[in-house]
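Visitor: Fold the following, please.
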Amino acid sequence: MNQDIIKYLEKNKKTIDDVIKKYLPEKLTKKDLEWIFGKPNYAYDLEAIQKSLVDPVWDLLNRGGKRWRPALLLLIAEAVGGDLEKIKDFVVISEVVHNGSLIVDDIEDRSEMRRGQPCSHLKFGVDVAVNAGNFMYFLPALSLIKNRSRFPEKLLIRAWEAYGEELINIHSGQGMDIVWHNGKASSDNLTEQQYLQMCAYKTGTLARLSARLAVILSGGSEELEKIMGKFAESIGIAFQIQDDILSASGKEFQEKKGYGDDITEGKRTLIVIETLSKANKQDRENLISILNSHTKEKGKISEALEIIRKYKAIDYCKNRAKEIIKSSWSEVDNSIKESDAKNKLKAFADYLIQREI
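Guide: Below you'll find the predicted structure:
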C-alpha cells in the first residue's frame, strides 16, 4: 500500500498547491491585493508586499514538502462522506500554517538548512522571515471568510473554534520544546508522557486541525470530530518520532536537514529520553553534555548518536510509534463505515511511520 499512498500524495499535491495559489498567487496583481487585503484607503506598494510576503512564502513552499496534512484532510473528508469539492479549499489552512511554523521554528532553533537550502531567515533576513511566518498563521483564515455563504453558520463557528484552539496549542508545544533544548528548565529527567504531550501540541496539532475541519465541514458530529482528531494527532506524533529516528539514522534525511541537526539543537527527543532512562552514569553525562553544548562538531555528534544506538533507543521508538497509531485506530475503525477511503486512511498512517525521508 505504500506505493498507493505515495501516488495519492503526488496526485493531490497539484490540487493543494492550486488552492494555495488561489489565496496567495506567486505573482501578485493589484486585483489580488484587494481580494486578499481589501480595498486600500490610500495605496498599496505591490513590490514591497511581493518581496516581503509572497516571495519568502513561495520560496519555501516550492522547495517541496509532502503536503500530507492537507492530503489527510481530503482523505478524512472522503472517509466520513464529505463533499470534497466544497471542502477542498480548506487544505490551505494546515499546509500554510505548517510552513509558517517552519520559518519561525528555524529562527528559534538557529537552524541553517531547510529542505536542502538555506533557511528563510538566512535567505531573506530575520525581519522578513518573522513577518512572513506570522502572516502564514493568519492568511488561511481567508478560506473560512471567502466560503462563509457555502456552509451553515453553526458549522463555520465550530471551524473557527478549531482553528483558534489549534493555533494556541501549537505555540504551547513549541514553547515546551524551546525551553527543553535551551536548558531553561530541567530537561534531563523528562518523561515519555511529557514528550508525547509536547508532540501532540507541536506536530500533532495541524494534523488534528485537518481532521477536525474535515469532519466539521462534512457535517459530522462533535464526537466523530473528537475521534478523528485524536487519530490524526497520533499520526502527527508518530510522524515526529519517525522524523527523530531519521535525523539520527537516515542518511538522505540528514543530507537535506543537516547531519545530526537534532543533536546540535539539543533536542530532547523520545530517542534521547529513552536513552537517558537506560544509560549508565558516564554515558548519560556525556550525552547531556553534548546536547547542552549545541555542537556542530561531527565527532561529538557521532559520539552522541553512538550512545543512542548502544541503548537501542531507535528500535524502541519505532515500536512506540506503531503502538500509538494502533491504539488510536481502534476507535476510528468502530466509527466509520468500510470504504476504500477508510482502508487508505489506515495505510496513510502506516506509511508516515515507515518512510525513509
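
Visitor: Assumed Asp106 was part of a strand.
Guide: No - the assignment for Asp106 is helix, going by DSSP: H, G, I helix; E, B strand; the rest coil, so no strand is present there.

Visitor: Just the pLDDT at it, thanks.
Guide: If you check Asp106, the pLDDT there is 95.

Visitor: now it: how far from Lys312?
Guide: In this structure, Asp106 and Lys312 are 31 Å apart, going by Cβ to Cβ, to the nearest Å. C-beta coordinates here come from the backbone N, C-alpha and C atoms, glycine included.

Visitor: Look at the two and report which has more neighbours.
Guide: Asp106 (21 against 12; other Cβ atoms under 10 Å).

Visitor: I figured the more buried one was touching Arg115, is that so?
Guide: No - using Cβ atoms under 8 Å, Asp106 makes no contact with Arg115, being 10.6 Å away.

Visitor: Give the rounded mean pLDDT of stretch 343-356.
Guide: Per-region confidence: stretch 343-356 scores 83 on mean pLDDT.

Visitor: That stretch: how far from the chain's middle?
Guide: Between the mean C-alpha point of stretch 343-356 and the mean C-alpha point of its chain there is a distance of 16 Å (Cα atoms, centre = their mean, to the nearest Å).

Visitor: Buried residues, it. List them.
Guide: Across stretch 343-356, burial judged by 16 or more other Cβ atoms under 10 Å covers Lys344, Leu345, Lys346, Ala347, Phe348, Ala349, Asp350, Tyr351, Leu352, Ile353, Arg355.

Visitor: Show the subsequent helix or strand relative to the helix or strand of the chain with the lowest mean pLDDT.
Guide: Across the helices and strands of the chain, mean confidence by mean pLDDT, DSSP states H and E is lowest for helix 251-257: a mean of 52. Moving toward the C-terminus from helix 251-257, the first helix or strand encountered (DSSP states H and E) is helix 261-264.

Visitor: Please list the residues outside the following helix or strand past that next one that contact it.
Guide: Following the chain from helix 261-264 toward its C-terminal end, the next helix or strand by DSSP H and E is helix 270-278. With contacts defined as Cβ atoms under 8 Å, 6 or more residues apart in numbering, helix 270-278 is touched by 188-192, 195-196, 241, 244-245, 248, 283-284, 287-288, 291, 307-308, 311, 313-314, 316-317, 320.

Visitor: rerun that using 7 Å as the cut-off
Guide: In this structure, residues lying in contact with helix 270-278 by Cβ atoms under 7 Å, 6 or more residues apart in numbering are 188, 190, 192, 195, 241, 244-245, 248, 284, 287, 291, 307-308, 311, 313-314, 316-317, 320.

Visitor: Please apply the same query to stretch 321-329.
Guide: Taking Cβ under 7 Å, 6+ apart as the criterion, the residues outside stretch 321-329 that touch it are Lys230, Phe231, Ser234, Ile235, Ile237, Ala238, Ile241, Gln242, Lys346, Ala349, Ile353.

Visitor: Most neighbours among those, which one is it?
Guide: For these, counting by other Cβ under 10 Å, the largest number of neighbours falls to Ile235: 30 neighbours.

Visitor: in which helix or strand would I find that residue?
Guide: Per DSSP H and E, Ile235 falls inside helix 222-249.

Visitor: Over to Leu305?
Guide: Taking DSSP H and E as the definition, Leu305 sits inside helix 298-310.

Visitor: and the gap between Tyr163 and Glu323?
Guide: Tyr163 sits 30 Å away from Glu323, taking Cβ to Cβ as the criterion.

Visitor: And those two? Which one has more around it.
Guide: For the pair Tyr163 and Glu323, the greater number of neighbours falls to Tyr163 (23 against 12), based on other Cβ under 10 Å.

Visitor: distance of the residue of the chain most remote from its centre from Phe135?
Guide: Farthest-out residue of the chain from its mean C-alpha position, per Cα atoms, centre = their mean: Tyr42, at 37.8 Å. Spatial separation of Tyr42 from Phe135 under the definition Cβ to Cβ is 20 Å.
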